[in-house]
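S.K.: Output the structure for:
(one chain, ligands or ions: 2)
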Amino acid sequence: MAKPSKEQSIALSQLKDDVLEQMRTTGIENESRLNSLNSIPLAVLRRNATQRHGVTRFRCGANASELKSEDVQTIDLHPMLLDPSWHDYARFVLYHEYLHALGNRFHDAAFRRLEQLWPHEGAERGREFTQFLRQRTATWLWACTTCDKKYPRKRKANGRFRCRACSTILVDVMNTQEAN
Ligand SMILES: [Zn+2]
Ligand SMILES: [Zn+2]
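M.R.: Ligands and ions are numbered 1, 2, ... in the order given. Reported below is the predicted structural model:
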């Protein structure tokens with residue numbers, strides 16, 4: 001986790017207002033539970049994180065079988081989600097983390113039902129965001145010499161992988177796009 005910059009804090013607080021307002025309108029939680037979410041500090045993940053888009057961190061020593069929002073230390077979002085082009089997905093990620101913060105620990109059927117109550121577009125952009133992060137941090141492109149598809153990756157393929165589109169064995173090409 002990293003301390004958010006001033007601009008990031010402003011963006012996070014705007015996201016929070018949007019998401020809590022939506023949860024209030026949709027009637028997803030009662031007022032006092034929503035207010036308890038309001039006081040959870042928001043922060044950002046490391047810039048080069050690629051595995052996670054958001055994370056809810058509970059305090060050490062919190063009772064794992066009975067987690068509540070008071071036990072949450074922070075919710076961290078990926079800093080790239082704060083770019084306006086990702087705001088629809090960012091709101092969904094924060095909503096997802098708030099569901100965890102309310103004590104829903106696992107991605108079980110009940111969790112997925114709550115998740116589906118989110119009424120906006122954006123929820124479906126998770127894969128796209130993962131691809132975007134990979135592209136930024138990839139050292140290698142696994143390239144298809146038949147159909148020209150490229151798969152950004154941190155490690156070399158070493159002849160072990162085939163193109164998803166046409167099954168040609170992929171070759172390693174250095175990714176020259178500047179990672180930042
Ligand atoms: Zn989750
Ligand atoms: Zn191909």
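S.K.: which element is residue 56 on?
M.R.: For residue 56, the host element (DSSP states H and E) is strand 54-58.
S.K.: Buried residues, the helix or strand just after that strand. List them.
M.R.: Next along the chain after strand 54-58, taking DSSP H and E as the criterion, comes strand 72-77. Under the neighbour-count criterion of 16 or more other CB atoms under 10 Å, strand 72-77 has 72, 74, 75, 76, 77 buried. (C-beta placed from N, C-alpha, C; glycine too.)
S.K.: what sits against the residue lying closest to residue 59 once chain neighbours are set aside?
M.R.: Excluding the flanking residues, the one nearest residue 59 by CB to CB, 6 or more residues apart in numbering is residue 73, at 4.9 Å. Residues counted as contacts of residue 73 (CB atoms under 8 Å, 6 or more residues apart in numbering) are 41, 57, 58, 59.
S.K.: Distance check, residue 73 against ligand 2.
M.R.: Between residue 73 and ligand 2 the distance is 45 Å, computed by CB to the ion, to the nearest Å.
S.K.: Find me the pLDDT at that residue, would you?
M.R.: pLDDT recorded at residue 73 is 93.
S.K.: so residue 3 makes contact with residue 42?
M.R.: No. Using CB atoms under 8 Å, residue 3 is not in contact with residue 42; the gap is 11.1 Å.
S.K.: So for these two, which residue has more residues nearby?
M.R.: residue 42 (19 against 8; other CB atoms under 10 Å).
S.K.: so who does the more buried one touch?
M.R.: Applying CB under 8 Å, 6+ apart, the residues near residue 42 are 4, 9, 12, 13, 15, 16, 74, 75, 76, 77, 94.
S.K.: Redo these as a markdown table? Include distance to residue 175.
M.R.: Shown next, in a markdown table, are the contacts of residue 42 (distance: CB to CB, whole Å):
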| residue | distance to residue 175 |
| --- | --- |
| 4 | 29 |
| 9 | 32 |
| 12 | 30 |
| 13 | 35 |
| 15 | 31 |
| 16 | 35 |
| 74 | 32 |
| 75 | 31 |
| 76 | 27 |
| 77 | 25 |
| 94 | 30 |
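S.K.: Can you point out the helix or strand that includes the spatially most distant residue from the centre of the chain?
M.R.: Relative to the C-alpha centroid of the chain, counting by CA atoms, centre = their mean, residue 146 is the outermost residue, at 33.2 Å. Using DSSP H and E, residue 146 sits in no helix or strand.
S.K.: can you check residue 28 too?
M.R.: Applying DSSP H and E, one finds residue 28 in no helix or strand.
S.K.: Looks like it contacts residue 114 (just checking).
M.R.: Yes. The pair residue 28 / residue 114 is scored as a contact, 7.1 Å apart, by CB under 8 Å.
S.K.: Among the two, which residue is more densely surrounded?
M.R.: Higher neighbour count among residue 28 and residue 114: residue 28, with 19 against 16, using other CB under 10 Å.
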